[in-house]
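> Using only what follows, build the 3D model:
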Amino acid sequence: MPEGEVSQARDPEANLIKGKFGVPMLSSEKAGWNSILVEYWQMPAHELPPQLLSDYIINLHFKHPTKAEIMWDGRLLSKNFTHGEITILPPGMSCKGISLEDSDFLVLRLQPTLITQVAGELGYADRVEITPNLGVISPQIQNIGLALKAELEAGCLSGRLYGESLATALASHLLQQHSTYRQNIQSYTGGLPKYKLCKTLEYINENLENELVLAELASVAEISSYHFARLFKQSTGFTPHQYVINCRIERAKKLLTEKKMSIAEIGDAIGFQSPSHFIALFRKHTTMTPKAYRDRS
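Numbers count the residues shown, from 1 in each chain. Presented below is the predicted three-dimensional model:
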């Protein structure tokens, strides 16, 4: 397993929850996203057993309202979670509670290594603490959570680059808005220098058959992942994952028109996980299947 990838085998509290409540409605477990695990749960009233958290846990509540009793900072609190409220739990925090009603929520689990990495890129002090929060409204976190949930519902068609880009954005927001230490982040404008942009675009087009990741592209541009994603969009008008997908679709069109390879071979040659994944994403971006596009050519 790649370094940093979320592993259920070494995630005791996740296994504890799954053992008690079954499996989530949706999960990114097989999506290959590094440093983040996303799960969508629908549960009847239940008791959450005591657990010592090893990851950053962000819960986005959907059902309105949901009554719960939670042991928080040594005190037993009663809480009505409303739609859109967010709970933030840092590693090392002891947590237990009882949901007195049916609950509907999205869980975002960030590994500490990602927070540490992004904190270093943003120039934060060596020790950064994310503040626990029981029921905060954050449009930014909600938008990221809903985008990740939509990606799960679509079968993770956009690939690993998309999930990891959103994870980096989430880590950055937590550091800037929910940490005990606030840092003035240097804002870069004007996009990537031309030579770095050309080098990155060339690398993307030469490696479309591979599973490209954010840290890899940022390394090619010799810049941090956080700043790379923003400067790349300033330069191209696209996020890195949008640009990669567009390149793959355009390459697929060219290969389909040439009619020298099978549809399965084309999908494999430009980095799609399976023929069904290729067909679904091609149809999403062109409104037709690869076969229909080839027959029309």
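
> before we move on, what SS does the residue positioned nearest the centre of the chain have?
For the chain, residue 163 is the residue whose C-alpha lies nearest the centre (C-alpha atoms, centre = their mean; 3.2 Å). State at residue 163, reduced to three classes by DSSP: H, G, I helix; E, B strand; the rest coil: helix.

> residue contacts, it?
Contacts for residue 163 (C-beta atoms under 8 Å, 6 or more residues apart in numbering) come out as 28, 31, 33, 36, 38, 148, 151, 156. (Glycine included, C-beta is placed from N, CA and C.)

> Save those as JSON lines, and put in distance to residue 124, neighbour count and secondary structure too.
As requested, those are exported to JSON lines (distance: C-beta to C-beta, whole Å; neighbours: other C-beta atoms under 10 Å; DSSP: H, G, I helix; E, B strand; the rest coil):
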{"residue": "28", "distance to residue 124": "27", "neighbour count": "23", "secondary structure": "coil"}
{"residue": "31", "distance to residue 124": "28", "neighbour count": "22", "secondary structure": "coil"}
{"residue": "33", "distance to residue 124": "23", "neighbour count": "26", "secondary structure": "coil"}
{"residue": "36", "distance to residue 124": "19", "neighbour count": "26", "secondary structure": "strand"}
{"residue": "38", "distance to residue 124": "25", "neighbour count": "28", "secondary structure": "strand"}
{"residue": "148", "distance to residue 124": "24", "neighbour count": "26", "secondary structure": "helix"}
{"residue": "151", "distance to residue 124": "28", "neighbour count": "21", "secondary structure": "helix"}
{"residue": "156", "distance to residue 124": "30", "neighbour count": "21", "secondary structure": "coil"}
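
> Most widely separated two among those residues?
36 and 156 (12.3 Å; C-beta to C-beta).

> which neighbours do those two share?
With C-beta under 8 Å, 6+ apart, residue 36 and residue 156 have common neighbours 28, 163.

> Please, where are all the strands along the stretch 101-250 of the chain?
103-110, 133-137 (DSSP state E, counting those that start in this stretch).

> Compare those strands and report which one is nearest to residue 51.
Among those, the nearest to residue 51 by C-beta to C-beta is strand 103-110 (12.4 Å).

> In a markdown table: the strands of the stretch 101-250 of the chain, plus distance to residue 252, mean pLDDT and mean neighbour count.
Formatted as a markdown table, the strands of the stretch 101-250 of the chain follow (distance: least, C-beta to C-beta, whole Å; pLDDT from 0 to 100; neighbours: other C-beta atoms under 10 Å):
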| stretch | distance to residue 252 | mean pLDDT | mean neighbour count |
| --- | --- | --- | --- |
| strand 103-110 | 32 | 94 | 22 |
| strand 133-137 | 42 | 91 | 15 |
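
> and of those strands, who's closest to residue 89?
Of all the strands of the stretch 101-250 of the chain, it is strand 133-137 that lies closest to residue 89, at 8.5 Å by C-beta to C-beta.

> From residue 211, how far off is residue 169?
Taking C-beta to C-beta, to the nearest Å as the measure, residue 169 falls 20 Å from residue 211.

> Give the residue from these two that has the larger number of neighbours.
residue 169 (20 against 13; other C-beta atoms under 10 Å).

> show me what contacts the nearest residue to that one once chain neighbours are set aside?
Distances taken as C-beta to C-beta, 6 or more residues apart in numbering place residue 144 nearest to residue 169, at 6.0 Å, with adjacent residues excluded. By C-beta under 8 Å, 6+ apart, residue 144 lies in contact with 108, 166, 169, 170, 173.

> residue boundaries of the helices in the stretch 51-200 of the chain?
112-122, 139-153, 160-177, 194-206 (DSSP state H, counting those that start in this stretch).

> do you know which of those helices lies nearest residue 229?
Across the helices of the stretch 51-200 of the chain, closest to residue 229 is helix 160-177 (C-beta to C-beta), at 5.7 Å.

> list the buried ones in the closest one?
160-176 (16 or more other C-beta atoms under 10 Å).

> can you tell me which of the strands of the stretch 101-250 of the chain comes nearest to residue 120?
Between the strands of the stretch 101-250 of the chain, strand 103-110 lies closest to residue 120; by C-beta to C-beta that is 15.2 Å.

> Not counting that closest one itself, show me its contacts.
Counting by C-beta under 8 Å, 6+ apart, 6, 11, 14, 24, 35-43, 45-46, 55-63, 66, 68, 81, 144-145, 148-149, 167, 170-171, 174 sit against strand 103-110.

> shaky segments in the chain?
1-21, 125-126, 182-188 (pLDDT under 70).

> let's see it at 80
1-22, 49, 63-64, 73, 100, 125-128, 181-189 (pLDDT under 80).

> Residue 238 - how many residues pack around it?
14.

> quick one: contacts for residue 285?
Counting by C-beta under 8 Å, 6+ apart, residue 285 touches 245, 246, 249.
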